[in-house]
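Participant: here is my input, please return the structure:
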Amino acid sequence: MSRSQALLLFLVLVIGGGLAIGYITLPGEWYAGLVKPSFNPPNWIFAPVWTTLYILIAIAGWRVWDRGLSVPQEFWWVQLALNFLWSPAFFGFQQMGLALIVIVLLLITIIGFIKVTWSSEPASALLFVPYLLWVAFAALLNLSLWRLNAG
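Facilitator: All right, here's what the predicted structure looks like:
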């Protein structure tokens, strides 16, 4: 497989997987009925932000794969699994507490990826910084939604 084919595969996997999970777990009436914090962004912002982040995630994954960096690859696959698990936990099962655990684990994994790639593959580490910032914001949003709508 050529490098460009591998990059395309990473892009299709991450963007396609993210869009498919997003489509399967569309927010719907349950989410619309939740009490939202004042900093809750408008719904239209999520698709372009996540699409951009998925491109960065795919490129970072491809870069560590292309360089044969095994530990960063492990972190990369774990973060992708956690990323893809969050929407079903939050929107699908409507379990905000479970989703909060998933997103905190995701944050830890993103930080771990950045840490293990910082010296060997700094470009990949930097590609994850916007992802880290957005997921930190999303974790705060998840926590706020959970607290505002608990029991």
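Participant: remind me which residues of this structure are low pLDDT?
Facilitator: Along the chain, the model assigns pLDDT under 70 to residues 151.
Participant: which parts of it are helices?
Facilitator: 3-11, 17-24, 28-32, 46-66, 70-87, 96-117, 122-127, 129-149 (DSSP state H).
Participant: could you dump those helices to TSV with distance to F39?
Facilitator: Where C-beta positions appear, they are placed from N, C-alpha and C, glycine not excepted. Below are these laid out as TSV (distance: least, Cβ to Cβ, whole Å):
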stretch	distance to F39
helix 3-11	31
helix 17-24	21
helix 28-32	16
helix 46-66	14
helix 70-87	19
helix 96-117	16
helix 122-127	26
helix 129-149	7
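Participant: same list, these, but as TSV with distance to S38 and mean neighbour count please.
Facilitator: Formatted as TSV, the helices of the chain follow (distance: least, Cβ to Cβ, whole Å; neighbours: other Cβ atoms under 10 Å):
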stretch	distance to S38	mean neighbour count
helix 3-11	36	14
helix 17-24	25	14
helix 28-32	17	10
helix 46-66	17	19
helix 70-87	23	19
helix 96-117	18	19
helix 122-127	31	18
helix 129-149	9	16
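Participant: ok, which of the ones you listed comes nearest N40?
Facilitator: Of all the helices of the chain, helix 129-149 sits nearest to N40, with 6.5 Å by Cβ to Cβ.
Participant: surely V129 is in contact with F113?
Facilitator: No: contact status for V129 versus F113: not in contact, 10.7 Å apart, counting by Cβ atoms under 8 Å.
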